[in-house]
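Student: A structural model of the following input is requested.
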Amino acid sequence: MKINELKQDLAAAFRWTARLNMNEGIANHFSVCLPNSNDFYVNGSGLHFSSIKASDMVLVEQDKIDEIKKKPELVDPTALNIHGTIHKKVPHARCILHVHSKYATALSALKNPVLQPIDQNTMRFYNRVSIYNDFGGLGFEEESNKMASAIGNNRSMLLANHGILTLGQTVAEAFDELYYFEKACETYLTALSTNKELNIVSSEVAEKTAQEWENYPVNMGEQHLNEIKKILDKEDMSYRD
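Tutor: Okay, here's the model as predicted:
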């Protein structure tokens with residue numbers, strides 16, 4: 001994929017995340033690695049997700065992170081720490097999306113933040129979510145190293161008392177993961193709010209369904225992002241600038 005297409009995909013993910021009201025002010029950050037490199041593009045400081053363009057991405061070279069950290073007006077320091085560390089230490093983290101979305105963050109605030117398998121979306125994540133249950137403050141260097149160590153082979157990591165972080169080989173994969181995780185959390189917390197007994201499926205059914213998600217014959221993530229870009233292209237192509 002060409003570099004500009006990579007940045008446009010990330011910009012589209014920013015725009016759609018804002019439409020879904022999953023962003024938080026001018027906080028939170030998304031990043032994507034350059035091909036065959038751990039250097040990455042990330043959103044610059046102080047930008048609202050709804051207005052981010054491809055040209056707003058800041059290139060962060062791993063060997064120059066310490067220099068960039070001296071310019072917090074350029075890139076948020078927590079973004080440099082979290083994304084820089086995870087891109088370097090987790091091979092399958094080619095794209096990282098981190099938000100404090102409503103339902104995922106609410107789940108992260110529960111004493112037991114395990115997402116129970118009660119529908120198809122929650123089953124998608126059965127035994128496939130890492131839980132970083134050691135909140136120690138904002139995501140600076142020590143916190144970021146602990147996060148990277150906690151991810152394992154999963155593509156989603158719930159940050160206790162903090163929010164959600166999803167990973168992917170592509171922007172499309174990471175965004176689809178984020179979208180469905182938030183939907184799963186919404187369903188689960190809504191069900192909990194009824195104070196009725198949950199209809200939790202067996203571990204066998206939950207695992208079977210999770211595997212069916214993984215082996216689905218169509219690349220739904222790519223199709224999902226392509227459809228988002230089609231809508232944005234009709235309504236406002238500025239994300240591509």
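Student: let's verify Val58: helix, strand, or coil?
Tutor: strand (DSSP: H, G, I helix; E, B strand; the rest coil).
Student: contacts for the helix or strand of the chain with the lowest mean pLDDT, please.
Tutor: When each helix and strand of the chain is scored by mean pLDDT, DSSP states H and E, helix 141-150 comes last, with a mean of 87. Helix 141-150 is contacted by residues 81-82, 84-86, 88-90, 130-132, 134, 136-137, 139, 157, 159, 165 when judged by Cβ atoms under 8 Å, 6 or more residues apart in numbering. No exception for glycine: its C-beta is placed from N, CA and C like everyone else's.
Student: could you list the buried residues of it?
Tutor: Neighbour counts over helix 141-150 (16 or more other Cβ atoms under 10 Å) mark Glu143, Ser144, Met147, Ala148, Ala150 as buried.
Student: shaky segments in the chain?
Tutor: Applying pLDDT under 70 to the chain flags the ranges 136-140.
Student: name the single longest helix found in it.
Tutor: helix 171-193 (DSSP state H).
Student: would you mark the buried spots in that one?
Tutor: Buried, per 16+ other Cβ under 10 Å, within helix 171-193: 171-189, 191.
Student: ok so, going back, in strands, which of the contacts of helix 141-150 fall?
Tutor: If you go by DSSP state E, the contacts of helix 141-150 have Ser130, Ile131, Tyr132, Met157, Leu159, Leu165 in strands.
Student: most widely separated two among those residues?
Tutor: Pairwise distances across the ones in strands among the contacts of helix 141-150 peak at 11.2 Å for Ile131 and Leu165 (criterion: Cβ to Cβ).
Student: neighbour count for those two, which is higher?
Tutor: Leu165 (28 against 18; other Cβ atoms under 10 Å).
Student: beta-bridge partners for the more buried one, please?
Tutor: In this entry, Leu165 is beta-bridged to His98, Met157, by DSSP bridges.
Student: in the protein, which spans are helices?
Tutor: 3-19, 65-68, 77-89, 102-108, 120-124, 141-150, 171-193, 203-214, 220-235.
Student: the ones you listed into JSON lines, with extra columns for distance to Ile26?
Tutor: Compiled in JSON lines, the helices of the chain are given as follows (distance: least, Cβ to Cβ, whole Å):
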{"stretch": "helix 3-19", "distance to Ile26": "11"}
{"stretch": "helix 65-68", "distance to Ile26": "18"}
{"stretch": "helix 77-89", "distance to Ile26": "12"}
{"stretch": "helix 102-108", "distance to Ile26": "17"}
{"stretch": "helix 120-124", "distance to Ile26": "29"}
{"stretch": "helix 141-150", "distance to Ile26": "20"}
{"stretch": "helix 171-193", "distance to Ile26": "19"}
{"stretch": "helix 203-214", "distance to Ile26": "33"}
{"stretch": "helix 220-235", "distance to Ile26": "20"}
